[in-house]
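In: Attaching a predicted model along with its sequence, questions to come.
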Amino acid sequence: MAWLLLIPAYFLGTFPSAVWIARSKGVDITKVGSGNPGASNIARTFGTPWGVLVFVLDGLKGAIPAAVGLLIDQRPVAYGMVAAAVVGHMFPVTRRFKGGKGVATMGGASFVLQPIVSTCMLVLWVVVRKLTGKASLASLAIMVGFPVGVAIKGAPGWEIAAIVAINGLVLLRHGENIKRLLGGRELSASKG
């Protein structure tokens, strides 16, 4: 019965925080900068405080389902709900399945499910971002680093597999970023 919570988790994931914030400023965020409706593109377009706000709102879309899953004392359900929220963020039925890349949503969930490892990943993100100027590269680093950290911490195999699966989906959504990084054409944090 608890698996029915996947449906509201998906719809929570569809909440378009970046789109709404940009629209309130008269901008279609899908038509500026990278075109991605996420925190990095909002930060490049409107400034860091707005990017942080979108990151927090998108993070809550992952944190809330994770917390609900843990409150009903079913860790597998929590991961299922997180996966549903991440899919909702990436492929929102409310916006013709054109959404963001899922980093903030997964990040919010991670802080609920694995707070120690997530804190280390936040430090890694900041360091990579500062050194390279590329938010996408920092995001890729934590998507790879997070399951490694959870494995080192000694999480059960099913949990590591769940994280690898969700993060793998996030990495797939970064396909164009990876191509641009390899070609030296990826946008820096200061460029739209």
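Out: Arrived safely, thanks for sending.

In: Quick check: buried residues in the longest helix seen in the chain?
Out: Of all the segments of type helix in the chain, defined by DSSP state H, the longest one is helix 48-71. Buried residues in helix 48-71, defined by neighbour count with 16 or more other C-beta atoms under 10 Å: 50-51, 53-55, 57-69. Glycine gets a C-beta too; all of them are placed from N, C-alpha and C.

In: cool, stretch 169-181 as well?
Out: 169-171, 173-174, 177, 180-181.

In: least confident pick among the residues you listed?
Out: Lowest pLDDT among those: Asn177, with 72.

In: hang on, Val117 packs against Gly154?
Out: No: in this structure Val117 lies outside contact range of Gly154 using C-beta atoms under 8 Å: 10.9 Å.

In: out of these two, which sits in the busier spot?
Out: Val117 (23 against 7; other C-beta atoms under 10 Å).

In: mind listing what that one touches?
Out: 110, 146, 149-150, 153 (C-beta atoms under 8 Å, 6 or more residues apart in numbering).

In: Spatially nearest residue to it, not counting backbone neighbours?
Out: Of all residues not flanking Val117 in the chain, Gly149 sits nearest, at 4.0 Å (C-beta to C-beta, 6 or more residues apart in numbering).

In: per-residue pLDDT, the one you found?
Out: Reported pLDDT for Gly149: 96.

In: burial measure for the residue lying closest to Val170 once chain neighbours are set aside, as a count.
Out: In space, and not counting its chain neighbours, Val170 is closest to Gly102: 4.4 Å by C-beta to C-beta, 6+ apart. Per other C-beta under 10 Å, the neighbour tally for Gly102 reads 31.

In: give the contact list for Gly102.
Out: Taking C-beta under 8 Å, 6+ apart as the test, what Gly102 contacts is 86, 89-90, 166, 169-170, 173.

In: How about Thr45?
Out: Neighbouring residues of Thr45 by C-beta under 8 Å, 6+ apart: 22, 27, 29, 32-33, 192.

In: what angle separates the one helix or strand it maps to from helix 48-71?
Out: Thr45 is part of helix 39-46 when elements are defined by DSSP states H and E. Angle of helix 39-46 versus helix 48-71, following axes from the mean of the first three to the mean of the last three C-alpha atoms, to 10 degrees, is 160 degrees.

In: on that earlier part again, and the residue nearest to Val170, its phi and psi?
Out: phi 90, psi 0 (degrees, to the nearest 10).

In: Kindly report the same for Arg96.
Out: Note on Arg96: its backbone torsions stand at phi 50, psi 40 [degrees, to the nearest 10].

In: now do the one 4 residues further on
Out: Main-chain torsions, Gly100, degrees, to the nearest 10: phi -90, psi -160.

In: ok, it to Phe11 distance?
Out: Gly100 is 15 Å from Phe11, where distance means C-beta to C-beta, to the nearest Å.
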